[in-house]
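[1] Here's a sequence, model it:
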Amino acid sequence: MIRFILGRLVKAVFILLAILVFNFLLIHAAPGDPAAVMAGEAGAADEKFLADLRIRFGLDQPLYIQLWTYLKGAVMLDLGFSYRQQMPVADLIASRLPATLLLTGVAFVLSLVLGVIAGVAASARQGSWGDTIISTLALLFYATPLFWVALMASLVFSVWLGWLPGFGYSTIGAGYTGLAHVLDVAKHLILPATTLGLFFTAIYMRMTRSSMLEVSRLDFVKTARAKGLRRSVIQRRHILRNALLPVITLAGLQAGQIFGGAILTETVFAWPGIGRLMFEAISQRDYAVILGVFYISGAMVLLFNLITDVVYVIVDPRIRLTK
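    Numbering: from 1, shown residues only. Got it, this is the predicted structure:
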């Protein structure tokens, strides 16, 4: 196991470097001049001021020198300086990352648990009204745009009913501490986490249902039934454990995609995470912040893939890890 993890970490370093190079070239190929944006915000757009800005932030250097400077800094976790926020990018991301990890972590666990439970319930009642209702709801959540769900959830539960706060990380000016602060953050988390998790709940539900039905027709399940084992034992120990393998694969691949969904969710609910930071940086041509968010997102995706491989062995001991 240790050799496998070390081998994967070495490969992940080279993959991450390739991601950094690709993102750097892609961002610099996009139209727009950061110096012009900064000059416009400063109320000055003469050529001398633009030239001074380009020299100050290294934008006057050839592209390959800018790339080399960025890669050297990235290896040392120096992600540059945000001209818009006037602070190092690493510090800026570090201040926003906990909020995003909280949101995406809760949404991921919620979607996975609810999706598996709904899939098991639907497969156990194949063809019934319960199966039809669960499958219809899953299709509805899957087909509905995430931003529309977020807007409607905020409108209904925050504006109309007033049950939950519709924006922010905590109550502004409340000054809560300890347990009161935790409960306040949890209350603000309900709407964005549920909204973000609904789409993935639908995916996991459909995958679990189809996988459960497929495994239930295999010979070893028929043998277990012939031995007289209880239905609950067969469902839990024989069918579910084997049916979870494709679900785990899908969950590992889509764990990184939750960061993409977090951009819309954080923007709608004013959640102070790196998704919202990314949206602001794109509109402001803040290249250093954009690349920094890409860096962290790529590292998280690689980490999730490694965790998925390790969980495979825990769920099914027949699988052996190789470098």
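[2] measure R230 to R236 for me?
    Using C-beta to C-beta, to the nearest Å, one gets 10 Å for the distance from R230 to R236. For every residue, glycine as well, the C-beta is placed using N, CA and C.
[3] Compare these two and say which is more crowded by neighbours.
    Legend: neighbour count by other C-beta atoms under 10 Å for R230 and R236, higher for R236 (12 against 9).
[4] ok but S210 is inside a strand, no?
    No. S210: not assigned to a strand; according to DSSP: H, G, I helix; E, B strand; the rest coil it is helix.
[5] Just the pLDDT for it.
    Looking at S210, its pLDDT reads 87.
[6] hang on, V221 packs against V215?
    Yes. At 6.6 Å, V221 and V215 qualify as touching, with contact defined as C-beta atoms under 8 Å.
[7] residues shared between the contacts of those two?
    Contact criterion C-beta atoms under 8 Å, 6 or more residues apart in numbering; residues shared by V221 and V215: 238-239.
[8] More neighbours: those two, which one.
    Higher neighbour count among V221 and V215: V215, with 20 against 17, using other C-beta under 10 Å.
[9] For the more buried one, which residues are in contact?
    221, 238-239, 242-243 are the contacts of V215 under C-beta under 8 Å, 6+ apart.
[10] Among those residues, which ones are in helices?
    Among the contacts of V215, the members found in helices (DSSP state H) are 221, 242-243.
[11] which residues are in contact with stretch 229-241?
    120, 124, 212, 215-216, 220-221, 224-225, 315-316.
[12] please redo it, this time with the cut-off set to 10 Å
    For stretch 229-241, the external contacting residues (C-beta atoms under 10 Å, 6 or more residues apart in numbering) are 116, 119-120, 123-124, 208, 211-218, 220-225, 227, 243, 247, 315-316.
[13] got it, and stretch 101-111?
    Outside stretch 101-111, the residues that reach it (C-beta under 10 Å, 6+ apart) are 141, 169, 185-186, 189-190, 192-205, 251, 254-259, 261-262, 265-266, 269, 271-275, 300, 304.
[14] Apply 8 Å and report the result again.
    For stretch 101-111, the external contacting residues (C-beta under 8 Å, 6+ apart) are 185, 189, 192-194, 196-201, 204, 251, 255, 258-259, 261-262, 265-266, 271, 273.
[15] For R8, which non-adjacent residue is closest in space?
    L306 (5.2 Å; C-beta to C-beta, 6 or more residues apart in numbering).
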